[in-house]
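Chemist: Provide a 3D model corresponding to the input given below.
(one chain, ligands or ions: 1)
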Amino acid sequence: MDNNTAAKKVMVSGIQPSGDLHLGNYLGAVKNWAGLAQEFDCYYFMADLHSLTVRQDPKELRRRSVAQLAQYVACGLDPEENTLFIQSNVHEHAELGWIINCYTMFGELSRMTQFKDKSAKNADNINGGLFTYPALMAADILLYQADFVPVGQDQKQHCELTRDVAMRFNNIYGDTFKVPEPYIPKVGARIMSLGNPTSKMSKSDPQGCVFLMDKPEDIARKFKRAVTDSDTERCVRYDIENKPGVANLMSIYSSVTGKSFEEIEREFDGKGYGAFKPAVGDAVIETLRPIREEAERMLADKAYLQQLYTQGAQKAAYVARKTLRKVYKKVGLVEKPF
Ligand code: TRP
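Modeler: Reported below is the predicted structural model:
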């Protein structure tokens, strides 16, 4: 018997299926998530309902939701040890989302910086969903009685809101929700664009971005063209202020090989950028090769993928249903008669 299971703390995180995964997502987040399942009971879902706040091509959204699942598994998130599912497959998210909406204040939502940013970027489609998105996110988290929410800095404000709403609800109705904490991992590199090393690697800048599914020759080309620095010494030395391009390549190389910055400096002593850039490219190619191949194998097997997200949704729904039933009772809804 595994006595640990009952005592494991719960982690919940959602990923919007808005683009293909890249090296920054992998080295900065997903790679670390793979190790968390030993210690935590982890739920990760493709947040397709969230993606609808921005207009999507229906076919593409559906394709990406499943493709992303395959990529996460290929990155090492074991579907037996983690609960991996597609958000809209567990209808309790939408249902609790509505209720949480009714306990989240207009003023609170108005202060969310992501709403302000996204409405500036999508000025022709500032819809209600974009505004109330944090209430759905709170529901995502509270459904599973999460202890921790592994997220990037940009989601901290939404996590704070989740805590406030959970406490508000608990104050009115008695203990209902676990009040979760954001979990910002200790390790995890911040990978910058290869073309512009002072901004984060992002899918919207495809030349500076290495996708997990990129072919080896594309990866090699992107690293060969990576911006280094125009300093005269042209040596591989970690100096984030003055040599951000080289520092970024060193972070990448260090993440994929496990070598320290000192070791890397020694390895390339006297060799210059011409030797360094392709070496980083090769190391990345070898790291991503098994991930891409595994993802391709899964993507060719629709039945297997469907079985994966079915099993994930069933596991998730079992827990979600319990929380939702409790909430319905507390707020005064009539129990479902069938
Ligand atoms: N809002 C998150 C993002 O854009 C995605 C997300 C949706 C999420 N629901 C969540 C993250 C619940 C953590 C927990 O990145």
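
Chemist: What's the mean pLDDT across stretch 172-179?
Modeler: Throughout stretch 172-179, pLDDT has a mean value of 98.

Chemist: Quick one: mean pLDDT for the strand or helix carrying residue 324?
Modeler: Element membership for residue 324, per DSSP states H and E: helix 302-331. Taken as a whole, helix 302-331 has a mean pLDDT of 98.

Chemist: again, but for stretch 203-223
Modeler: Rounded mean pLDDT across stretch 203-223 is 94.

Chemist: How about the secondary structure of residue 252?
Modeler: The assignment at residue 252 comes out as helix when based on DSSP: H, G, I helix; E, B strand; the rest coil.

Chemist: Quick check: closest non-adjacent residue to the residue of the stretch 1-150 of the chain found nearest the ligand.
Modeler: Minimum separation of the stretch 1-150 of the chain from the ligand (Cβ to the nearest ligand atom) falls at residue 14, amounting to 3.0 Å. C-betas here are computed from N, CA, C, even on glycine. Distances taken as Cβ to Cβ, 6 or more residues apart in numbering put residue 47 closest to residue 14, at 3.8 Å, once the chain neighbours are dropped.

Chemist: Now for the one you found: which residues touch it?
Modeler: 14, 15, 16, 17, 87, 140 (Cβ atoms under 8 Å, 6 or more residues apart in numbering).

Chemist: number of nearby residues for residue 223?
Modeler: Residue 223 has 22 neighbours, counted by other Cβ atoms under 10 Å.

Chemist: how about the strand or helix carrying it as CSV, C-alpha atoms only?
Modeler: Using DSSP H and E, the element containing residue 223 is helix 216-224. Once non-C-alpha atoms are left out, helix 216-224 reads as follows in CSV (Å, rounded to 0.1, in the frame of the first residue of the first chain):
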residue,chain,number,x,y,z
PRO,A,216,17.5,19.3,-36.6
GLU,A,217,18.5,21.3,-39.6
ASP,A,218,16.2,24.2,-38.6
ILE,A,219,17.6,24.1,-35.1
ALA,A,220,21.1,24.1,-36.4
ARG,A,221,20.4,27.1,-38.6
LYS,A,222,18.7,29.1,-35.8
PHE,A,223,21.7,28.6,-33.5
LYS,A,224,24.2,29.5,-36.2
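
Chemist: ok so, going back, dig out what the residue of the stretch 1-150 of the chain closest to the ligand forms beta bridges with.
Modeler: Beta-bridge pairing of residue 14 under DSSP bridges involves residue 45.

Chemist: quick one: contacts for it?
Modeler: 44, 45, 46, 47, 50, 87, 137, 140.

Chemist: Test for you: state the pLDDT assigned to it.
Modeler: Value listed for residue 14 in the pLDDT field: 93.

Chemist: for residue 3, same thing?
Modeler: Value for residue 3, per-residue pLDDT: 50.

Chemist: same question, the one 5 residues further on
Modeler: According to the predicted model, the pLDDT of residue 8 comes to 95.

Chemist: residues touching the nearest residue to it once chain neighbours are set aside, list them.
Modeler: In space, and not counting its chain neighbours, residue 8 is closest to residue 41: 4.4 Å by Cβ to Cβ, 6+ apart. By Cβ under 8 Å, 6+ apart, residue 41 lies in contact with 5, 8, 9, 10, 11, 83.

Chemist: got the angle between the helix or strand harbouring residue 41 and helix 302-331?
Modeler: In the assignment (DSSP H and E), residue 41 maps to strand 40-46. Between strand 40-46 and helix 302-331, the angle comes out at 110 degrees (axes from the mean of the first three to the mean of the last three Cα atoms, to 10 degrees).

Chemist: I'd like to know how many residues surround residue 192.
Modeler: Residue 192 has 24 nearby residues by other Cβ under 10 Å.

Chemist: For the closest residue to it other than its chain neighbours, give me its contacts.
Modeler: Spatial nearest neighbour of residue 192, chain neighbours left out: residue 248 (4.4 Å); criterion: Cβ to Cβ, 6+ apart. Counting by Cβ under 8 Å, 6+ apart, residue 248 makes contact with 191, 192, 194, 197.

Chemist: Pull out the buried members of those residues.
Modeler: The neighbour-count criterion (16 or more other Cβ atoms under 10 Å) marks 191, 192, 194, 197 among those as buried.

Chemist: ranges for the strands of this structure?
Modeler: Here the chain has its strands, by DSSP state E, at 9-15, 40-46, 83-86, 148-150, 181-183.

Chemist: wait, which of those strands is closest to residue 277?
Modeler: strand 9-15 (30.2 Å; Cβ to Cβ).

Chemist: Please parse the chain into its domains.
Modeler: 3-188+301-331, 206-296 (automatic domain parsing).

Chemist: Save these as TSV, and put in distance to residue 338 too.
Modeler: Formatted as TSV, those follow (distance: least, Cβ to Cβ, whole Å):
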stretch	distance to residue 338
domain 3-188+301-331	14
domain 206-296	41
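
Chemist: rewinding a little: which one of the contacts of residue 47 is nearest to residue 257?
Modeler: Nearest member of the contacts of residue 47 to residue 257, counting by Cβ to Cβ, is residue 15, at 26.4 Å.
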